[in-house]
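Undergrad: need a structure here:
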Amino acid sequence: LYIDGFEKFDGKKNNTIYLSVSAKDGMQNIENAVDKLESYKENIKNIERPLKLHSSIARFLNTEQCAEIWNYIQTLPKPNFTLEFNNITIFKRVGHDFIIHKTYRLKQ
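TA: Numbers count the residues shown, from 1 in each chain. Okay, here's the model as predicted:
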């Protein structure tokens, strides 16, 4: 996985700032895994396509919070590094929080 910069999702009420993630060589494998995971439960939220891999930094921000954080991170060096894709973690929503439900380690 390649981390290359900051981005944001602008919503009407909720905004998210995140690290941009790409998986040039393995994107098809990731899409296949997501397809398989979606097929396990009828009431699972379908993930929008095309997939937008990302790592959230701050979520559920109002417009003012998002602008303040966005302006600050623009003063920081642009993140640029590589991570190994070595597990799949499934999160479960409990109230307003997400907790780890199960982690599957991938063979290396």
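Undergrad: How far does stretch 17-36 sit from its chain's centre?
TA: Average the C-alpha atoms of stretch 17-36, do the same for its chain, and the two points are 10 Å apart (Cα atoms, centre = their mean, to the nearest Å).
Undergrad: Okay, buried residues for that stretch please.
TA: When burial is assessed from 16 or more other Cβ atoms under 10 Å, stretch 17-36 yields the following buried residues: Ile17, Tyr18, Leu19, Ser20, Val21, Ala23. Quick note: C-beta positions are derived from backbone N, CA and C, even for glycine.
Undergrad: Quick check: closest non-adjacent residue to Leu51.
TA: Taking Cβ to Cβ, 6 or more residues apart in numbering as the measure, Leu51 lies nearest to Glu31, with 6.1 Å between them; neighbours along the chain are not counted.
Undergrad: isn't there a helix covering that neighbour?
TA: Yes. When the secondary structure is assigned by DSSP: H, G, I helix; E, B strand; the rest coil, Glu31 falls within a helix.
Undergrad: any idea which helix or strand comes after the helix or strand containing Ile90?
TA: Remark: Ile90 resides in strand 87-94, with elements defined by DSSP states H and E. Under the assignment DSSP H and E, the closest C-terminal helix or strand after strand 87-94 is strand 97-105.
Undergrad: Lys8: neighbour count?
TA: By other Cβ atoms under 10 Å, the residues close to Lys8 number 19.
Undergrad: Can you pull the phi and psi angles for it?
TA: Here is the backbone geometry of Lys8 (degrees, to the nearest 10): phi -150, psi 150.
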